[in-house]
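> quick one: sequence plus predicted model below, questions after.
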Amino acid sequence: MKKQKLTPQQYKRANKVLMTALTAVFIIFVLVELNGVQKGALEMTDYVRMGIYLFSVVITQIFVRINVEKKLAMLFMAILALANYTMLVLANGPGAMAMVFPIILVFMIYLNAPLIVIGTGASFVICVIKAAML
């Protein structure tokens, strides 16, 4: 089957679904950071990361609604998700590495093989770095 370009209407549907799913994932990232309360008091860096995740929710909502029918919204969300995932993994325990699965699963909505391969490869590199740090 040949690769097909999405129409603006298809991008609109896919971007809205991904925006909603990523909002939920970023809120889960905040909850993972709040899990640090069990380890002791939260540090300022924890609050900064939680603020970045919440800011990501807001900026995703704004940017995607402006560019809802464009491929640019998909790329923006992919880069933002990778950056947030990197922060989460490098700042938390090994269990945080499992958060890559919901991210990759929601990006499957596009059926965009290069996007999935690049995202999976980048997350693998991040996990290898975290494993080396442990």
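Thanks, I have it.
> make it CA atoms for all contacts and neighbour counts henceforth
Fine.
> from Phe101, how far off is Ala21?
12 Å (CA to CA, to the nearest Å).
> and Tyr11, by the same measure?
Separation of Tyr11 from Phe101 (CA to CA): 22 Å.
> residue ranges in this structure under the pLDDT threshold?
1-2, 36-37 (pLDDT under 70).
> so which residue is dead centre in it?
Ala81 (2.4 Å; CA atoms, centre = their mean).
> that residue: which element?
Using DSSP states H and E, Ala81 sits within helix 71-91.
> so which bits of that helix are buried?
71, 73-74, 77-78, 80-82, 84-90 (16 or more other CA atoms under 10 Å).
> mind listing what's buried in the longest helix along the chain?
In terms of residue count, the longest helix belonging to the chain (DSSP state H) is helix 8-34. Neighbour-count burial for helix 8-34 flags 11-12, 14-16, 18-19, 21-23, 25-27, 29-30, 32-34 (criterion: 16+ other CA under 10 Å).
> which ones are touching Ser56?
By CA atoms under 8 Å, 6 or more residues apart in numbering, the contact list for Ser56 reads 26, 80.
> using CSV, write out the CA atom coordinates for the helix or strand harbouring Phe101.
Assigned by DSSP H and E, Phe101 falls within helix 100-107. Taking Å, rounded to 0.1, in the frame of the first residue of the first chain, the C-alpha atoms of helix 100-107 are listed here in CSV:
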residue,chain,number,x,y,z
VAL,A,100,7.2,6.0,26.5
PHE,A,101,4.5,3.4,25.7
PRO,A,102,1.5,5.7,26.0
ILE,A,103,3.3,8.4,24.0
ILE,A,104,4.2,6.0,21.2
LEU,A,105,0.7,4.5,21.2
VAL,A,106,-1.0,7.8,20.8
PHE,A,107,1.3,8.8,18.0
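> and the angle for that helix with helix 71-91?
With axes from the mean of the first three to the mean of the last three CA atoms, to 10 degrees defining the directions, helix 100-107 sits at 180 degrees from helix 71-91.
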